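A.B. asks: Only the shape, not the letters, is given here:
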């Protein structure tokens, strides 16, 4: 019985008692004064008690095959969640855990409230198969503290997608999901500054290249919240363009927005297409997110990586100048800092292009800036969805190196900071986002295993559930990522955005280098491409030989020689580490 049912029984009893008293009064029937009280009590016991008895019996029999779960949080959200779970056929709540000591020892909805330290005895007794987090108002750092405290217990930790929906009764209580990676990192998001978010967007014509990618799509989601006049989606992948256009169209219709949305197929490598698009829609602001960013794939496809990342950026930038665009923001990467891969070197080369164009004599109106940040949670190619899949499949989890570390940021925060950094640019700026502390990937993998209620299988625990295997660094992969080349960095008035003074070339020096690089790509001259990247001020320090698959197939002798050199190089690196 829900609280509504209880109130219905009480209301019915009160009406019935009142009717009895009125009938006795108007009919002049002698009724003892205690009669209405006895009548009221009997009605409550018979009507309400019968239902409670039936409920208790049904719960007893249907609960025999249910699995016990513990709810962390005995507040209103936890109680609503417990009510929702009770109506299901799969789980029952064996206990609440709460940090409030005054609640310990109390009973809520027939469920005891315990301290965290008592969880161990519940797990050992088989009365806790999962811990469900019911902490909708807790900060991310607070949730991180709770998750870390639960990690030592061999129990699965999960949450509900949209706890607010659970409170409102709009979601199936059996839809438990693993805790979000954002909660594991404990990084608190910063509320974006509305004036910076709106500066290059509101009432302007905006274009996003690579609009179907993980960053490009999130940029679009953030952009439409600030009501541009026009939003142009430029994307090479037909399916990705269809998906993001469908999502944004539904959002615009649902919220009654008057935004003109144009989904356009095209590649940034075709300058005529890009320039015609910018001219046709009178584009004011460009967010250039189109790039090949998967390090090993670019190593295996060097020419296409250079064409897309370097010349795609160059053509889009020249098109912006020719079309009279006001602002051009490049989405860069931490891998552009002292790059060991072609992907990183190509992104640093793209930065050099924009730095040179920002001061070129033929650029009269367009302001260029670039924004560097690390890995985005949940993006295409992210290791975290891979880890979850490997755990569900019973392992092993595969890591390239035991000591590898990375910076992480959520998709929405990265997109918001890119937009805000773009609004602060003056021309040729290199912005660096504060990514917090770097995360050791091995520690993250171990945390995911333990929070899944499983044990790590290693030499000290051969009977564990999930093992971790090391496959070695992939071509071009770095052990540690950096965000700055030098120490010449300055704060801005935004606490998460810094600006860096990096080495640059004038357009007169860079243009012949680009012409030569383009010719090398046309001739498929990988030795020449590598030489240009090494001679340019990119800081390129390749960790491997030429790994382009077509080049290796054409040069099997060089391939075997390079393979031996690479193996020796990696063995040397491992010994040093």
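C.D. replies: Thanks, I have the structure now. Since the structure is predicted, the reported quantities are computational estimates derived from the model, not experimental observations.
A.B. asks: three-state assignment of residue 135?
C.D. replies: Following DSSP: H, G, I helix; E, B strand; the rest coil, we place residue 135 in the coil state.
A.B. asks: contacts for stretch 7-15?
C.D. replies: With C-beta atoms under 8 Å, 6 or more residues apart in numbering as the test, stretch 7-15 has contacts from 40, 43, 44, 47, 48, 51. C-betas here are computed from N, CA, C, even on glycine.
A.B. asks: How far off centre is that stretch?
C.D. replies: Counting by C-alpha atoms, centre = their mean, to the nearest Å, stretch 7-15 is centred 50 Å from the centre of its parent chain.
A.B. asks: Rounded mean pLDDT for that stretch, please.
C.D. replies: Averaging pLDDT along stretch 7-15 yields 87.
A.B. asks: Tell me the buried residues in it?
C.D. replies: Residues 9, 13 are the ones in stretch 7-15 that count as buried (16 or more other C-beta atoms under 10 Å).
A.B. asks: So which bits of stretch 434-450 are buried?
C.D. replies: Applying a neighbour-count criterion of 16+ other C-beta under 10 Å, one finds 434-435, 438-439, 441-442, 444-450 buried in stretch 434-450.
A.B. asks: Just the closest of these to residue 294, please.
C.D. replies: The closest of the buried residues of stretch 434-450 to residue 294 turns out to be residue 441 (C-beta to C-beta; 16.5 Å).
A.B. asks: so who does the closest one touch?
C.D. replies: Residue 441 neighbours (C-beta under 8 Å, 6+ apart): 383, 399, 404, 405, 406.
A.B. asks: Relative to residue 58, which of those residues is nearest.
C.D. replies: Nearest to residue 58 out of these is residue 383 (C-beta to C-beta; 46.2 Å).
A.B. asks: okay, and the helix or strand of this protein with the least pLDDT?
C.D. replies: Least confident helix or strand, the chain: helix 556-576 with a mean of 51, by mean pLDDT, DSSP states H and E.
A.B. asks: Quickly find the element holding residue 368.
C.D. replies: In this structure, residue 368 is located in strand 367-372 according to DSSP states H and E.
A.B. asks: Direction included, what does that strand pair up with?
C.D. replies: Using DSSP bridges, strand 367-372 pairs in its sheet with strand 327-331 (parallel), strand 429-433 (parallel).
A.B. asks: average pLDDT for the last one?
C.D. replies: Along strand 429-433, the predicted local confidence has a mean pLDDT of 82.
A.B. asks: what's that strand in contact with?
C.D. replies: Identification of contacts with strand 429-433 by C-beta under 8 Å, 6+ apart yields 332, 351, 355, 369-373, 409, 414, 417, 421, 424-425, 483-484, 489, 492, 496-502.
A.B. asks: So which of the residues you listed belong to helices?
C.D. replies: 351, 355, 414, 417, 421, 424 (DSSP state H).
A.B. asks: From these, pick the one nearest residue 208.
C.D. replies: residue 414 (13.9 Å).
A.B. asks: Give me the neighbour count for the closest one.
C.D. replies: Neighbour count for residue 414, taken as other C-beta atoms under 10 Å: 26.
A.B. asks: Quick check, it in contact with residue 372.
C.D. replies: No: Residue 414 lies out of contact with residue 372 (C-beta atoms under 8 Å); the separation is 10.8 Å.
A.B. asks: Show me which helix runs longest in the chain.
C.D. replies: The residue-count maximum for a helix in the chain (DSSP H) belongs to helix 3-26.
A.B. asks: tell me the angle the helix or strand just after it makes with helix 3-26.
C.D. replies: Sequence order places helix 35-43 as the next helix or strand after helix 3-26, per DSSP H and E. Between helix 35-43 and helix 3-26, the angle comes out at 150 degrees (axes from the mean of the first three to the mean of the last three C-alpha atoms, to 10 degrees).
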